[in-house]
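Colleague: With the sequence up front, the predicted model follows.
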Amino acid sequence: MPPPRLFALFTRRNVIALVLWVGTALLIFNLYYRGSYQSAKDWLHRPGPAHAPFTPPPIPVDDGLFHWQKLPVHYPVTSLIPLPSGAARPIPTIQHPASQEDTQAKAVRLERLAAVRDAFQHAWVGYRNYAWMADEVGPLSGERHNPFGGWAASLVDALDTLWIMDMKEQFEDAVEAIGELDFTTTEETTLNVFETTIRYLGGLLSAYDLSGAKYPSLLAKAVELGEMLLVAFDTPNRMPITRWDWKKARDGGLQEADSNVLVAELGSMTLELTRLSQTTGDGRFYDAVQRVMDEFDKQQMKTKLPGMWPITVNARDLDFISDTSYTLGAMADSVYEYLPKQHMLLGGRTEQYRKLYLNAAATFKEHNFYRPMTIDNADILFSALVQKAGEGRPAILDNSMQHLVCFAGGMVAIGARIFSRSDDLAIARRLVDGCIWAYQSMPNGLMAEVTHHIACDNAQSCEWNETRWYEELARQDSADSNGVSGAAYEARVRTRIRTHRLPPGYVAIDDTRYILRPEAIESLFIWYRISGDRTYQDKAWAMFQSIDKHTRTSIAHAALDDVTASPPTQADRMESFWMAETLKYFYLTFAEPSLVSLDEFVFNTEAHPFRRPGR
Ligand SMILES: *[C@@H]1O[C@H](CO)[C@@H](O)[C@H](O)[C@H]1NC(C)=O
C-alpha cells in the first residue's frame, strides 16, 4: 500500500480531534501552572517575615536550667501529620464593602472610639500601677491576683489591644517585660492547658502577627510556651491533659489523658497551635491538635445528638459519645467556634472543618436555638441546653440563656459567609439581636450571666401572653404545685417577680453576675462588619455606656455581682479578657472597618487576631 500523502491526514475529523487534544492539554497545563503559581504566591505571602526567618533559640547544651524541649518524649508520634499544603482555596469575603460616612456621623463615631480608648487606658494604668506583672489587678482593693499561673496574664492578653489602640510606647514596655516570664515554673499546682493556650499563646502570637513580626522576642516566648504545652500531649493516645499536673510531667512522670474532660478544653486549641506551626515552620504543634480533631471527626455523627459533641468526653478511652448534655454555652462553646475559624486559618485547604461545622450547625439550629416569648414580641433567638438526649424519650430542653452563648451570632454569621449559607445570615442577626435584647431588657442595661425564659411554640409568630408567663413562674415555685389559679397564686407570683426583680418574660435569673464578658459585643462587632449596618454602632454604644458606668472603679473596672440591683454591686475582680476582648471588640466596632479586617485576620476565642495566611 502506498503511504498516505500528508495532506490526506488533514481530514475534518482529524483536525477537530487535534484541536480538541491540544486545547485540553493547554487547559490542563494552564490549571497546573496556575496551581503552582498560586502556591508560589502563597509561599511569598507565607506567614512570618520574608526578610528575617525565625529560628527558635538554640537550647544551651548545659546551662544548668530546665528546658521543656529537653524532656524525653514518652509517647513519640511515628509520623507528623503535615500542615495541609498546596494552593489556598478561595474563601468568600466576610466584610461588607466600605461605605460613605458623612462628617457628622464620623465625628460621633470618633468620639465613641475615644471613649473606649479612654476606658482601656484607665484599666491599663490601674494594672500598671497596682499589679504590674501579676495576672490581674483587684479593681477595688488594688491587690495582685494570680489565677492563671502568674505569668502576667493581663499584660500578655492586652498586648495586641495596646497595638491596635496605637499605644506603642506602652506596647514596647510590655514587650520588654515579656522577657521576664518564666514558663518553666508556676505556683499553680494544676495548670489549665486550654486557658494557658488561648490567653498566653494566643496573646503572644497575635501581638507578633499584628506588629508585622518586628518583635522576635514575642515569637521566641510563644515557642517556649508551645514547648511546654506539647508536653501535656505526651500521653499514650496523644490526647492532651486539660487540667495538668505540670510538675509531675516535669519530673519525667508518665501521664495519661483524663476520663472526664470538658469538650471545649479538649477541642479548642487548634488555632493557636496551628498558627505557631505556620509561623515557625515546626510541624509538631499542628500535629498535636490535628490528632485531637481527627478523633472529634470520627465520633461526630455517633453521639446522642449527632453533629454535636457532649459537654464532657472521655479523652483517656476516646469516648466522645456517652454523655447526654449538649450546648453551645459554657464548657462546650469554642469547640464549635473554632471549626469555621480553623477552615479560614488553613486557607480552606481541607474540607474537614467545613464538614465538621456544617454537621454541627444543622444540629444546633434544629435543637438548641429557640425564640423566647418577650413582651415586645422581639424576633430574636436564644440557645438552649439539650439534656438527656438519646435516652429513648424526647430530650429535655432547658430554656436557659447564658452570656457566654452570645458568641454564637458571630459564629453563625461567619459560617454563613465563608460557606455561602446565606439563609443563616437571618439566624445570625436574630442571635445577635437576642443578646442586645438581653442587655436592653434588664434594669441597668446589663445582661446577666445565666437566665431562663419561655420558648415560643412557634418561632415564626409568638405573641406575648402574660398568663403563660405567670403559669411558668408558678411552676418554678414548688409551693405552687397544687394549683396555678386563684388570687393567692397570683399574689405569690407577683412577690416572686418583685423579689427576684424579674423583667417581663424572665422566668429566672439564675446567675445575676456580669463579669466584664465580651461575647455580646463580639458578635455585634462581627455582625456590624458583615452587614455594614450602622444602627449596630448605636446599640454597641448603649451597651458600652451601661458597662462603663457601672463597672468603673477608681483603679480599673470591676465585675458585677448583681446586675439586677440598683446600682449593681461590684466585685474585686477584673479578668484579663476585659482588656483583651471586651474593650478590643468595642474599639473595633467604632474603628474603620479596615482595622483588623475579618478578611485578613481570624480571632481566637480570647479575641486575639491571627493573620490568615496568604491574606
Ligand atoms: C395564654 O396562655 C394561656 C395559658 O397557657 C392559654 O390558656 C391562653 O389560651 C393563651 N392566650 C392566648 C391568646 O394565646
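Modeller: It's in. Residues are numbered from 1 along each chain as shown.
Colleague: Give me the buried positions along stretch 135-146.
Modeller: 135-140, 142, 144-146 (16 or more other C-beta atoms under 10 Å). Every residue, glycine included, has its C-beta placed from N, CA and C.
Colleague: Please pull up the helix or strand immediately following the worst-scoring helix or strand of the chain on mean pLDDT.
Modeller: Least confident helix or strand of the chain, by mean pLDDT, DSSP states H and E, is helix 12-44 with a mean of 53. Sequence-wise, the next helix or strand downstream of helix 12-44 (DSSP states H and E) is helix 103-131.
Colleague: What is that following helix packed up against?
Modeller: strand 136-137, strand 144-145, helix 153-164, helix 535-551, helix 583-590 (3 or more C-beta pairs under 8 Å, 6 or more residues apart in numbering; DSSP states H and E).
Colleague: Would you list the strands that the first one pairs with, along with their directions?
Modeller: The reference is to strand 136-137. strand 144-145 (antiparallel) (DSSP bridges).
Colleague: Let's test this: mean pLDDT of the strand it pairs with, rounded?
Modeller: In this model, strand 144-145 carries a mean pLDDT of 98.
Colleague: got a list of contacts for that strand?
Modeller: Residues outside strand 144-145 that contact it (C-beta atoms under 8 Å, 6 or more residues apart in numbering) are 130-131, 134-138, 573.
Colleague: Just read off the phi/psi values of the single nearest residue of the stretch 301-450 of the chain relative to the ligand.
Modeller: Closest residue of the stretch 301-450 of the chain to the ligand, C-beta to the nearest ligand atom: Met373 (9.8 Å). Backbone torsions for Met373, taken as degrees, to the nearest 10, come to phi -80, psi 120.
Colleague: Hmm, Val507 and it touching each other?
Modeller: No. With contact defined as C-beta atoms under 8 Å, Met373 does not reach Val507; the gap is 9.8 Å.
Colleague: returning to that earlier point: let me know the closest of the contacts of strand 144-145 to the ligand.
Modeller: Of all these, the ligand sits closest to Arg573, with 41.3 Å by C-beta to the nearest ligand atom.
Colleague: out of everything not next to it in sequence, what's closest to the closest one?
Modeller: Closest residue to Arg573 apart from its sequence neighbours, by C-beta to C-beta, 6 or more residues apart in numbering: Ala559 at 4.5 Å.
Colleague: Please list the residues outside stretch 105-124 that contact it.
Modeller: 101, 158, 161-162, 165, 167, 170, 534, 537, 541, 544, 548, 552, 556-557, 574, 578-579, 583, 586-587, 590-591.
Colleague: got the buried residues for stretch 554-564?
Modeller: Applying 16+ other C-beta under 10 Å to stretch 554-564 flags 555-560, 562-564 as buried.
Colleague: quick check, distance from that stretch to the centre of its chain.
Modeller: Centroid separation for stretch 554-564 versus its chain: 24 Å, with C-alpha atoms, centre = their mean, to the nearest Å.
Colleague: follow-up on the earlier one: list just the nearest of the buried residues of stretch 135-146 to Ser85.
Modeller: Within these, distances to Ser85 taken as C-beta to C-beta reach their minimum at Asp135, with 38.5 Å.
Colleague: Spatially nearest residue to that closest one, not counting backbone neighbours?
Modeller: Using C-beta to C-beta, 6+ apart, the nearest residue to Asp135 is Ala153, at 3.9 Å.
Colleague: and the gap between the one you found and the ligand?
Modeller: Separation of Ala153 from the ligand (C-beta to the nearest ligand atom, to the nearest Å): 49 Å.
Colleague: repeat for Asp160
Modeller: On the measure of C-beta to the nearest ligand atom, Asp160 and the ligand end up 50 Å apart.
Colleague: Surely that residue touches Leu205?
Modeller: No. Look at Asp160 against Leu205 with C-beta under 8 Å: they stay out of range, at 9.1 Å.
Colleague: Next, the contact list for Thr190, please.
Modeller: Contacts of Thr190 by C-beta under 8 Å, 6+ apart are 243-245.
Colleague: Repeat that for Leu254.
Modeller: His74.
Colleague: follow-up on the earlier one: Throw the buried residues of stretch 135-146 into a markdown table and include distance to the ligand, thanks.
Modeller: What follows is the buried residues of stretch 135-146, written out as a markdown table (distance: C-beta to the nearest ligand atom, whole Å):
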| residue | distance to the ligand |
| --- | --- |
| Asp135 | 50 |
| Glu136 | 47 |
| Val137 | 50 |
| Gly138 | 48 |
| Pro139 | 45 |
| Leu140 | 45 |
| Gly142 | 52 |
| Arg144 | 54 |
| His145 | 48 |
| Asn146 | 52 |
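Colleague: where's Pro306, which helix or strand?
Modeller: Using DSSP H and E, no helix or strand contains Pro306.
Colleague: same check, this time on Pro139
Modeller: For Pro139, there is no enclosing helix or strand under DSSP H and E.
Colleague: Would you mind measuring from it to Ala332?
Modeller: 30 Å (C-beta to C-beta, to the nearest Å).
Colleague: Could you do Lys355 as well?
Modeller: Distance, Lys355 to Ala332, using C-beta to C-beta: 19 Å.
Colleague: between those two, which one's more packed in?
Modeller: Set Lys355 next to Ala332 and count neighbours by other C-beta atoms under 10 Å: Ala332 wins out with 27 against 14.
Colleague: Show residues contacting the helix or strand harbouring Ala264.
Modeller: Per DSSP H and E: Ala264 is located in helix 263-267. Residues from elsewhere that reach helix 263-267, judged by C-beta under 8 Å, 6+ apart: 192-194, 239-240, 242-243, 292-293, 296, 309-313, 315, 320, 331-335, 338.
Colleague: that older thread, if I look at Met373 and Val507, which residues touch both of them?
Modeller: Common neighbours of Met373 and Val507 (C-beta under 8 Å, 6+ apart) are 453-454, 469.
Colleague: between those, which has the most around it?
Modeller: When neighbours are counted by other C-beta under 10 Å, His453 leads the shared contacts of Met373 and Val507 with 23 neighbours.
Colleague: What backbone torsions are found at that one?
Modeller: For His453, the backbone dihedrals (degrees, to the nearest 10) come out as phi -140, psi 180.
Colleague: Same check on Val289?
Modeller: Backbone dihedrals for Val289, given as degrees, to the nearest 10, come out at phi -80, psi -30.
Colleague: Identify the residues contacting the residue lying closest to Glu337 once chain neighbours are set aside.
Modeller: Closest residue to Glu337 apart from its sequence neighbours, by C-beta to C-beta, 6+ apart: Met411 at 5.1 Å. Neighbouring residues of Met411 by C-beta under 8 Å, 6+ apart: 336-337, 340, 523.
Colleague: Show me what from this structure comes close to the ligand.
Modeller: 465, 467-468, 471 (C-beta under 6 Å from any ligand atom).
Colleague: Using PyMOL, define a selection of the buried residues within the residues you listed.
Modeller: Provided next is the PyMOL selection string for whichever of the residues of the chain next to the ligand are buried by 16+ other C-beta under 10 Å:
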select buried, resi 471
